[in-house]
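*Asks:* sequence first, then the predicted structure:
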Number of protein chains: 2
Amino acid sequence: MNGFTFHIPTKIYFGDDEFGHLGEEVASHGSTVLLTYGGGSIKRTGLYDRVLSQLRGQGMTVVELGGIDPNPRIASVRRGAELCREAGVDVVLAVGGGSTIDCSKFICAAAVSDRDPWDWFADKTTPIDDALPLVTVLTLAATGSEMDNGGVISNPETNQKEGRGAPCLLPKASFLDPANTFTVPPFQTAAGSADIISHTCEAYFSQDHDLYFLDTFMEGLLRTVMRFAPRAMEHGDDYEARANLMWASSWAINGFADGGKTQAWSVHPMEHELSAFYDITHGLGLAILTPAWMRHVLAKDPEGTLPKFCRFAENVFGICDPSLSDMERAEAGIQALQDFFCDELQLAGSLSAIGIDEEHFGAMAEKACHGPAIKGFVELTPADVVEIYRACL
Amino acid sequence: MNGFTFHIPTKIYFGDDEFGHLGEEVASHGSTVLLTYGGGSIKRTGLYDRVLSQLRGQGMTVVELGGIDPNPRIASVRRGAELCREAGVDVVLAVGGGSTIDCSKFICAAAVSDRDPWDWFADKTTPIDDALPLVTVLTLAATGSEMDNGGVISNPETNQKEGRGAPCLLPKASFLDPANTFTVPPFQTAAGSADIISHTCEAYFSQDHDLYFLDTFMEGLLRTVMRFAPRAMEHGDDYEARANLMWASSWAINGFADGGKTQAWSVHPMEHELSAFYDITHGLGLAILTPAWMRHVLAKDPEGTLPKFCRFAENVFGICDPSLSDMERAEAGIQALQDFFCDELQLAGSLSAIGIDEEHFGAMAEKACHGPAIKGFVELTPADVVEIYRACL
């Protein structure tokens, strides 16, 4: 059982009655702010106006960078950093989902660095030591970027999608108002929920011996998402459903669930290649890959994986029929998860259903393994990864 | 559903492989440290020497205040503050359980204040604005003081035991090494575990509508304590059991479990009067009172309390026999908790078993209600509290 440090100084303002503190929080970090956002849905919903009104109420100078893409690009990081330097920006305010927040983290770092920001992804030992303060307003429950110190950036020129993290990238404060996610359409709600489930599974499925307490936490988190994601898809303005998804999204990936486990993710690296090559929605890719990955690792290392799959089946899905063998129980749990993705979240169940064939499987598998293997729950070679991709066709 | 803020900047070093960072962490806050501790068990276990060696390795000047009592007294707060002022202390290092840490929080505040520290308890609107930095080394999983900003201090002259909290009292860092609790005797392990259970129940049993996610968290936390407390009592050096209890103790009371619920505790105020009048172990008092309190509020307001008691029975104790009525299920859950306290934790099941009679019940009940009533899960008048005390005889 490994030790760990836990340190999340981000201040969270949670709920629709906390949003009024935004102006004073941002202004506490300086007088000139870079406001970042995505495709402009925040203008349609009125959130943009509410944010600006609070910033102007504090007399702040506001510079803007809109149009940050899903799967955000290194070009946006460069452009944001330029804007910061030109305008003498003191603080960045990211209003959006994980893409906008991830991109903004590296804007914060690039604004105070002489490097080209892709250096941090091309060579992951390049230090990220300093960054402007970041405040976020979350509009999509999914990536957990609002309460962690990492992010993922794409480089379309090289077909790369790479992650980095550093303590200085942690947001100073994040505003989690579930009402800001009322307009998220059912598909994006489903994909975000699949992302939360995947983050949790990446930590949960480990052969490291860790704290039972944290397993109970993750099982409860999974049950929460499974209970409320369909409700939020059906009734977008269900505050209780949105609130549960939003707070669960932050806690799936802020480090608490990991305890002292080795950080070795399996499905995310495989999915990152899918969305790097095909620009598909990240959560959709995860939902397609996860059950196939589970079946593959269960078959490859039944002894090492069976106990955890049985626990998952029992504590997440209530599968405890004593007439089932352990293997049957494990398989029933995996099937229940796949059924949840397909039937409840209404996500496509195969790669071919979203127009992806096996053309790039070999190249994607090599990249996903970053060389010899993904050292996750069960070690996966490029050949394993190709098999998993194929099982998803 | 109310909003809330969540902000715990305390840095946690968890595990036996993290203890070596103690010296550098303390030294990062200054060069003169006040080392506080309790009755001296840390000298017998060798922890005192290991701590001093790390402080001296950083060239720090060390001032000491030992002998802090269980149910720490205001006199110790005054004495510690004097020492800080005399020696120009920069940082306080508390090595102990909740009593030592609680006391040290108010030493930190009193050291930089002109007030007499009892002012903060006599009039709870008196602000606590500033404090020396506090680092803690936890030696008992119980109160959660290592990761929250509150504490409780006793005044034997007035028979008062009062709590206060303030953001400036939050420890800067806490060292949670489960091995430092190996020598905690079975009775103290049991009492600490009862305290963790009670903290969780105070937040869990609420008629406020709050996040399902947090209920799953608290149910998992309760199952964790019930699984590992008996193991830690039987084998003091069971690292896994000690680790689960230790991390659960911090999370039962650091604010996460509360979400946006009204903070209205019931059993703690009743117990604080017991230990103020009789100086009994806090967790023992909680274990005796909790089942009686549950039965009382279930009888007083069955409509308001039954759904939560049924949930508790099912999700914590697995009581889901469909032949039981809701009331029977609720009662079975309460009985299961009482059996756990008596049979597994081997704690006394009544006040008379620990030599307490009804002499002071009236006075204690008045004080526990701070006037008209305890406004918790179900409102309790002094007459209700006397009935609960009587049910514990």
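*Replies:* That came through, no problem.
*Asks:* which of the three states applies to the nearest residue to A:Ile107 once chain neighbours are set aside?
*Replies:* What sits nearest to A:Ile107 in space, not counting adjacent residues and going by C-beta to C-beta, 6 or more residues apart in numbering or on different chains, is A:Gly80, at 3.4 Å. Every C-beta, even on glycine, is put in place using the N, C-alpha and C of the backbone. Following DSSP: H, G, I helix; E, B strand; the rest coil, the label given to A:Gly80 is helix.
*Asks:* spit out the contact partners of A:Gly80.
*Replies:* Contacts of A:Gly80 were listed using C-beta atoms under 8 Å, 6 or more residues apart in numbering or on different chains, and they are A:34, A:36, A:65, A:92, A:103-104, A:107, A:110-111.
*Asks:* inside helices: which ones of those residues?
*Replies:* In this view, the contacts of A:Gly80 that belong to helices under DSSP state H are A:103-104, A:107, A:110.
*Asks:* out of the residues you listed, who's nearest chain B?
*Replies:* Comparing these against chain B with C-beta to the nearest C-beta places A:Ser104 closest, at 20.6 Å.
*Asks:* residues contacting that closest one?
*Replies:* A:36, A:68, A:80, A:92, A:94, A:134, A:136.
*Asks:* helices or strands up against the helix of greatest length in chain A?
*Replies:* Looking across chain A with DSSP H, the single longest helix is helix A:212-234. On a contact count with 3 or more C-beta pairs under 8 Å, 6 or more residues apart in numbering or on different chains; DSSP states H and E, helix A:212-234 meets helix A:186-204, helix A:239-251, helix A:302-317, helix B:212-234, helix B:239-251.
*Asks:* excluding covalently adjacent residues, which one is nearest to the most centrally placed residue in chain A?
*Replies:* Centroid check for chain A by C-alpha atoms, centre = their mean gives A:Thr143 as the closest residue, at 2.3 Å. Excluding its sequence neighbours, the residue lying closest to A:Thr143 (C-beta to C-beta, 6+ apart) is A:Gly98, at 2.8 Å.
*Asks:* mind giving me the domain split of chain A?
*Replies:* Domains of chain A are assigned by automatic domain parsing as A:11-180, A:186-391.
*Asks:* what's the end-to-end length of the longest one?
*Replies:* As for domain A:186-391, its first-to-last residue distance stands at 27 Å under the measure C-alpha to C-alpha, to the nearest Å.
*Asks:* same question, stretch A:15-35
*Replies:* Using C-alpha to C-alpha, one end of stretch A:15-35 lies 21 Å from the other.
*Asks:* quick one: that stretch near chain B?
*Replies:* Yes. Applying C-beta under 8 Å from any C-beta of the partner chain, one finds stretch A:15-35 touching chain B at A:15-18.
*Asks:* buried residues in that stretch?
*Replies:* A:15-16, A:18-19, A:21-23, A:25-27, A:29, A:33-35 (16 or more other C-beta atoms under 10 Å in any protein chain shown).
*Asks:* so which of those are in strands?
*Replies:* Secondary structure assignment (DSSP state E) places A:33-35 from the buried residues of stretch A:15-35 within strands.
*Asks:* so A:Glu387 makes contact with A:Val297?
*Replies:* No. Using C-beta atoms under 8 Å, A:Glu387 makes no contact with A:Val297, being 11.0 Å away.
*Asks:* these two: which is more packed in?
*Replies:* When neighbours are counted by other C-beta atoms under 10 Å in any protein chain shown, A:Glu387 and A:Val297 differ, and A:Val297 comes out ahead with 22 against 18.
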